[in-house]
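S.K.: Quick one, fold the following:
(2 chains)
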Amino acid sequence: MTESSRDTGTLRVKTGLAEMLKGGVIMDVVNAEQAKIAEDAGAVAVMSLERVPADIRAAGGVARMADPTRVEEIVGSVSIPVMAKCRIGHFVEAQILQSLGVDYIDESEVLSPADEEHHVNKWDFNVPFVCGCRNLGEALRRIAEGASMVRTKGEPGTGNVVEAVRHIRSVTDEIAWLKGLRSEQLFAAAKDLQAPYDLVKWVADNGRLPVVNFSAGGIATPADAALMMQLGCDGVFVGSGIFKSGDPAKRAKAIVEATTHYEDAEIIAKVSRNLGEAMVGINISDIPDAERMQERGW
Amino acid sequence: MRIGVLALQGAFREHIMMLEALDVTAVAVRLPEQLGDLNGLIIPGGESTAIGKLMETYEFYEPIKQQHGAGMAVWGTCAGAILVAREVLDAVPGQRSLELMDIVVRRNAFGRQVDSFEADLSLAHLGEDYRGVFIRAPWIESVGDGVEVLGEHEGVAIAARQGQLLATVFHPELTGDPRVHRYFIEHVVSS
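M.R.: Numbering: from 1, shown residues only, chains lettered A, B, ... in the order given. So this is what the prediction gives:
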């Protein structure tokens, strides 16, 4: 075996894993038992966390990367890809997660930011990164920093899909706007979006983001997942929505099926029956501005 | 010619784009009744456990076997190669495959994502300098008598053919190189 015959950590290999996750559901889990339930339900990957966002919100204080023992326990318990979250800008947490063998790092606003100006330089890593965005400019800034997958942020831990909808609509509307511009207008568009011109030009030419875009932050039901898919997301993250509900295994499987058959209302109706209690939701207007996680990220 | 791409989860859109670029009618298959009039079926890369569970819930196993018996060619890429194999090593307990092709496949054999890689491959019938993209890829550990190994990397089989069955553990849908898709259409489907 000659190691030199392998090129690892290439952009195509990093974006390629995200391509393989498309049409799937990535589920937040806090231990091996939950990870197995997620895998059995048909999750395409799990996100290992110390606490789900709803509990982070309830606990307050500083939220950090999970304990490495916890992450390793989850890595060892399932055969599907394992993701883990580091704080925005905390490149040492990212280095630790890479050393633990996680398959994707989420530089996430769900945790307390470690840097209020800079995100991690994700080109420095072999492991791929996913980052949150609320609009096209934010998505392209993260991609410029090396993110090989993005997700619209929504408002984590609320069980309320309204912010997720707002964010995917922003991204798709701005892509449609770029497509209609003349070439000389793209320079000013790049300035307005606060994003690199080359990426803005690529999006205008191709009519889509250069990487896979999932939806996150507030998805609690099969119908929520199908809504995000119909609005143009490539797949969904479900955080608190599964393990804060009455029957996690059943709800997880139902959300997986609704994500695949997102245009088939009869199937979505069938899988939505008798799922037990959904997580208790929070109205966005009841959350003080300072506690809105989506505002984190620059 | 109509080629279906199993569209339960994974990189099915990329396969459909490759087929359309070769002027083949491509059908996204989400329910078994869509298998009826297909000349071939591609099972794409994705998560083999997720695709397999959806195949179970929506009762795809027997109809795919029946259609294959009636002349439908089947090509599995990465997760798809796992799903067409006779035997899967390092499978999740209870994980089912179609048991169509006489190959033994080991899941995630090349390692986790940090070990995912690209490499130049030499493939039988297809030529040199084929850029292979391997993502948490399985490998083909052994093959039966009637199976032709089409390529190896680091001494293990990474592509194989048996009559109207094709398996590749890398991702021909991600590179834009149409050689494997053309081979499937011209030689595996039309054999």
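
S.K.: Minimum distance to chain B, which residue of the stretch 101-250 of chain A gives it?
M.R.: A:D103 (3.7 Å; Cβ to the nearest Cβ). For glycine as for every other residue, the C-beta is placed from the backbone atoms N, C-alpha and C.

S.K.: Name all residues that make contact with that residue.
M.R.: The contact partners of A:D103, by Cβ atoms under 8 Å, 6 or more residues apart in numbering or on different chains, come to A:L17, A:A45, A:P81, A:V82, A:M83, A:V127, A:P128, B:R112, B:Q113, B:V114, B:R136.

S.K.: now B:V188
M.R.: Counted by Cβ under 8 Å, 6+ apart, B:V188 has contacts B:G40, B:A73, B:W75, B:R161, B:Q164, B:L165, B:L166.

S.K.: likewise B:R13?
M.R.: Listed by Cβ under 8 Å, 6+ apart, the contact set of B:R13 reads A:K22.

S.K.: where's it, which helix or strand?
M.R.: For B:R13, the host element (DSSP states H and E) is helix B:12-21.

S.K.: Mind exporting the C-alpha coordinates of that helix to CSV?
M.R.: Backbone C-alpha positions of helix B:12-21 (Å, rounded to 0.1, in the frame of the first residue of the first chain) are rendered in CSV as follows:
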residue,chain,number,x,y,z
PHE,B,12,-29.2,10.7,-7.3
ARG,B,13,-29.5,14.1,-9.0
GLU,B,14,-25.9,13.9,-10.2
HIS,B,15,-26.5,10.5,-11.8
ILE,B,16,-29.6,11.9,-13.5
MET,B,17,-27.6,14.8,-14.9
MET,B,18,-24.9,12.5,-16.2
LEU,B,19,-27.5,10.3,-17.9
GLU,B,20,-29.3,13.3,-19.5
ALA,B,21,-26.0,14.6,-20.8
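
S.K.: before we move on, back to that, in strands, which of the contacts of A:D103 appear?
M.R.: Counted as lying in strands by DSSP state E, out of the contacts of A:D103, are A:A45, A:V82, A:M83.

S.K.: of these, buried ones?
M.R.: Buried by 16 or more other Cβ atoms under 10 Å in any protein chain shown: A:A45, A:V82, A:M83, out of the ones in strands among the contacts of A:D103.

S.K.: coming back round to it: nearest to chain B, out of the ones in strands among the contacts of A:D103: which one, please.
M.R.: Of those, the one sitting nearest to chain B (Cβ to the nearest Cβ) turns out to be A:A45, at 7.4 Å.

S.K.: so what's the closest one closest to, chain neighbours aside?
M.R.: Spatial nearest neighbour of A:A45, chain neighbours left out: A:P81 (4.1 Å); criterion: Cβ to Cβ, 6 or more residues apart in numbering or on different chains.

S.K.: Show me where chain B has its strands.
M.R.: B:2-6, B:25-29, B:40-43, B:73-77, B:85-89, B:101-106, B:117-123, B:127-134, B:139-143, B:148-153, B:156-162, B:165-168.

S.K.: is chain A contacted by the fifth one?
M.R.: Yep, that's strand B:85-89 we're talking about. No - shown here: strand B:85-89 not in contact with chain A (Cβ under 8 Å from any Cβ of the partner chain), separated by at least 10.8 Å.

S.K.: Strand partners (parallel or antiparallel) of that strand?
M.R.: Counting by DSSP bridges, the strands paired with strand B:85-89 are strand B:101-106 (parallel).

S.K.: CA-only coordinates of the strand it pairs with in PDB, if you can.
M.R.: The C-alpha trace of strand B:101-106 is given here as PDB (Å, rounded to 0.1, in the frame of the first residue of the first chain):
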ATOM      1  CA  MET B 101     -24.100  -9.800  -7.400                       C
ATOM      2  CA  ASP B 102     -21.600 -12.500  -6.400                       C
ATOM      3  CA  ILE B 103     -19.300 -10.100  -4.500                       C
ATOM      4  CA  VAL B 104     -18.400  -9.600  -0.900                       C
ATOM      5  CA  VAL B 105     -18.200  -5.900   0.100                       C
ATOM      6  CA  ARG B 106     -16.700  -4.400   3.300                       C
END
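
S.K.: which residues sit against it?
M.R.: By Cβ under 8 Å, 6+ apart, strand B:101-106 touches B:74, B:76, B:81-82, B:84-90, B:138-147, B:157, B:160, B:162, B:165, B:167, B:169.

S.K.: Could you identify the buried members of the residues you listed?
M.R.: Here, 16+ other Cβ under 10 Å leaves B:74, B:76, B:81-82, B:84-86, B:88, B:138-141, B:143, B:147, B:157, B:160, B:162, B:165, B:167, B:169 buried among the contacts of strand B:101-106.

S.K.: quick revisit: select from the contacts of A:D103 the one having the most neighbours.
M.R.: For the contacts of A:D103, the largest number of neighbours (other Cβ atoms under 10 Å in any protein chain shown) sits with A:M83, at 28 neighbours.

S.K.: now that residue, nearest residue through space, not along the chain?
M.R.: A:Y104 (4.2 Å).

S.K.: now swap in A:S77 and tell me
M.R.: A:A32 is the one closest to A:S77 (Cβ to Cβ, 6+ apart), at 3.7 Å.
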